[in-house]
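Undergrad: structure for this input, please:
(one chain, ligands or ions: 1)
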Amino acid sequence: MPGRYVDAVRELARERLPEEVFLYFDQGAGDGVAAAEAAPAWDRFRFLPRVLRDVTDVDLTTTLLGTEVSSPFAIAPSTLQRAAHPEGEVAMARAAQACGSLVVVSSNAGTSFADIGAVGAPWWLQIYVTADRSATVPVIERAADAGARAIVLTADTPVVAGKYAGERTVWEVTDPGWVRSNFTETTTPLAAADKATDLGPHDIAWLAGQCELPVVVKGVLHPADARRCVDAGAAAVWVSNHGGRQLDRVVPTADALPAICAEVAGAAEVYVDGGVRRGTDALVAAALGARAAFLGRPALFALAADGSEGVGRVLQELASELTEALRLVGCPSLEGLPDDLLVRATGL
Ligand SMILES: Cc1cc2nc3c(=O)[nH]c(=O)nc-3n(C[C@H](O)[C@H](O)[C@H](O)COP(=O)(O)O)c2cc1C
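TA: Numbering: from 1, shown residues only. Here you go, the predicted structure:
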């Protein structure tokens, strides 16, 4: 196949999935402005490379809350993975395992945490805290029992934003088994309306108290909120706009990342997602201070296209692009990136 596999997977997924499922995965909220702006925002940075440096051995390894990973690319949570592939979350976890990566599992997963944990890949639980906090507790306990190493609190979804499919049918998820395998049926109906609308910094400590795992807050865009998260005990802040699927016209994560790193660098780890499609995107993210670049749709589309092998291929392709980019900027590892590596391109 010519070109990049990461670019091809979207079309492969479109061919293989029912139209309404593909659209559900692909679309952004509202008019799709934020979803469309995510990837181009990374393009607005330019590198100022160094030469005459030994780049024979390049090392992409890093740690995420103490877990060693082979590269800064990891897999963001997405629901409905069994609609993408019959083996769903298990196939996704196998890819992470094969590549030395880490996978974040949606609380709306269609596979039991025990089966995901049995794969052996390092994994974190993403949680949408429910309005009735008692419905969240057993989900966290099940995840901790199954080996989850952190809890990722998604903070940008007090309500699920409207998504429109134009003239086409908007997909209605009818099978609770695809999204609620780890909830107790009687207490948690399929409706998304039961998400908490009163989340506060105190919920970070509350979550940590349920399981003694580190808490990551996902969906942070304002530096003052990053500071509030860290002050409340978050171990990491995840700069995300939910792939443009929540508030439309929200700032691209590439634009929000610098101020957040400046605010909490050293006090907490910072991660990013949104439109990461190139090795050079992760190099920009790392130069700005992010420790990981998470993949949403590229992993989900690759899962639909070619199962765990496809996801692995995306991870490997991006890692190899990043290796090449590090060589070309004259830096053999992500640790020692020079402060002046990036130039913000103007007029683009
Ligand atoms: C189909 C789909 C389902 C998602 N489900 C979740 C979810 O259950 N929980 C969550 O925190 N984020 C969810 N996300 C957001 C991703 O974790 C991530 O923030 C986003 O996809 C990153 O942008 P990208 O798709 O451009 O890589 C979902 C994204 C997609 C595309």
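Undergrad: tell me the centre residue of this protein?
TA: The centroid of the chain falls nearest to A76 when counting by Cα atoms, centre = their mean (2.6 Å).
Undergrad: quick one: contacts for that residue?
TA: Contact analysis of A76 by Cβ atoms under 8 Å, 6 or more residues apart in numbering lists 104, 240, 243, 273, 294-296, 299. All C-beta atoms are positioned from the backbone trio N, CA, C, and that covers glycine.
Undergrad: for Q246, same thing?
TA: 29, 156-157, 160-161, 219.
Undergrad: filter the residues you listed down to the buried ones.
TA: Among the contacts of Q246, those classed as buried by 16 or more other Cβ atoms under 10 Å are 29, 156-157, 161, 219.
Undergrad: dihedrals phi and psi, R291?
TA: Main-chain dihedrals, R291, degrees, to the nearest 10: phi -90, psi -20.
Undergrad: in the stretch 1-150 of the chain, which spans are strands?
TA: Taking DSSP state E, counting those that start in this stretch as the criterion, the stretch 1-150 of the chain contains strands spanning 45-47, 62-64, 67-69, 73-75, 103-105, 123-127.
Undergrad: V103 against G117, yeah?
TA: No: with contact defined as Cβ atoms under 8 Å, V103 does not count as touching G117 (10.8 Å).
Undergrad: neighbour-wise, which of the two wins?
TA: Neighbour count, other Cβ atoms under 10 Å: between V103 and G117, V103 has more, with 24 against 19.
Undergrad: tell me the bridge partners for that one.
TA: Note on V103: beta-bridge partners by DSSP bridges are I75, W123.
Undergrad: now do the contacts for it.
TA: Neighbour list for V103: 74-75, 92-93, 95-96, 121-124 [criterion: Cβ under 8 Å, 6+ apart].
Undergrad: next structured bit after the longest helix along the chain?
TA: Scanning the chain for the longest helix, with DSSP state H as the assignment, gives helix 297-329. Next helix or strand after helix 297-329 toward the C-terminus (DSSP states H and E): strand 342-344.
Undergrad: in that following strand, what's buried?
TA: Quick answer for strand 342-344 (16+ other Cβ under 10 Å): L342.
Undergrad: tell me the strands beside it, with direction?
TA: Strand 342-344 has these strand partners (DSSP bridges): strand 45-47 (antiparallel).
Undergrad: so for the closest residue to the ligand within the stretch 101-250 of the chain, what's the pLDDT?
TA: Of all residues in the stretch 101-250 of the chain, G243 sits closest to the ligand, at 3.0 Å by Cβ to the nearest ligand atom. G243 carries a pLDDT score of 98 in this model.
Undergrad: and the nearest residue to it once chain neighbours are set aside, how close does it get to I140?
TA: Spatial nearest neighbour of G243, chain neighbours left out: G296 (4.7 Å); criterion: Cβ to Cβ, 6 or more residues apart in numbering. Remark: distance between G296 and I140 (Cβ to Cβ, to the nearest Å) = 23 Å.
Undergrad: A121 now?
TA: From A121 across to I140, the span is 19 Å (Cβ to Cβ).
Undergrad: for L303, same thing?
TA: For L303, the distance to I140 under the criterion Cβ to Cβ works out to 25 Å.
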